[in-house]
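[1] have a look at this prediction, sequence included:
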Amino acid sequence: MEHGGAKHHRQRVSEALRDEISTLIEGELADPRIGLATVSEVQISPDGRTARVFVAVLGDDKEAERTMEGLNAARQYMRREVAERLGLRQAPELLFQIDRSEQIGARVEELLGRLNKRQKK
């Protein structure tokens, strides 16, 4: 069972990580592979050693793949930067993952719309 204070601390750190990584992606990374991407969520493991960074990418699957390549190439740089900016002794290993929740949500909305049309007939 996790102590409430530790959980709250991890939540605060994950929000700070999300903000700093977003800032890095939006303005400081010059990699041309990185397209229009936003950090939607950061989940830190209970031991604090890894952080899963969920990234929503505007564009098709090929664009998302190129963006992920660019982010993974800059992973160590971002890890050092967020450690320094947030004053962390040990920054978590950053694991980037595509966030498809927006696409899934749009698909669910589309299916619900079709279902409603059928029921009205």
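    Arrived safely, thanks for sending. Numbering: from 1, shown residues only.

[2] geometric centre of this protein: which residue is closest?
    Among the residues of the chain, Phe54 comes closest to the average C-alpha position under Cα atoms, centre = their mean, at 2.4 Å.

[3] right, and that one touches Val42 too?
    Yes: counting by Cβ atoms under 8 Å, Val42 is a contact partner of Phe54 at 7.3 Å. Bear in mind the C-beta positions are built from the backbone N, C-alpha and C, glycine included.

[4] got phi/psi on the residue nearest to the centre of the chain?
    With angles defined as degrees, to the nearest 10, Phe54 shows backbone torsions of phi -90, psi 120.

[5] for it, give the beta-bridge partners.
    Counting by DSSP bridges, Phe54 is bridged to Glu41, Gln97.

[6] separation between Asp19 and Glu26?
    11 Å (Cβ to Cβ, to the nearest Å).

[7] and Pro32, that's in a helix?
    No: going by DSSP: H, G, I helix; E, B strand; the rest coil, the assignment for Pro32 is coil, not a helix.

[8] how about the contacts made by Arg89?
    Going by Cβ atoms under 8 Å, 6 or more residues apart in numbering, Arg89 touches Ala83.

[9] repeat that for Leu71.
    Here Leu71 is in contact with Ile25, Ile34, Ala37, Val55, Met78, Phe96 (Cβ under 8 Å, 6+ apart).

[10] one more time with 6 Å, if that's ok
    By Cβ atoms under 6 Å, 6 or more residues apart in numbering, the contact set of Leu71 is Phe96.

[11] so where's the chain uncertain?
    Per-residue confidence for the chain (pLDDT under 70) gives these ranges: 1-4, 103-105, 121.

[12] mind listing the helices for it?
    Listed in chain order, the helices of the chain (DSSP state H) span residues 4-23, 61-73, 75-86, 101-120.
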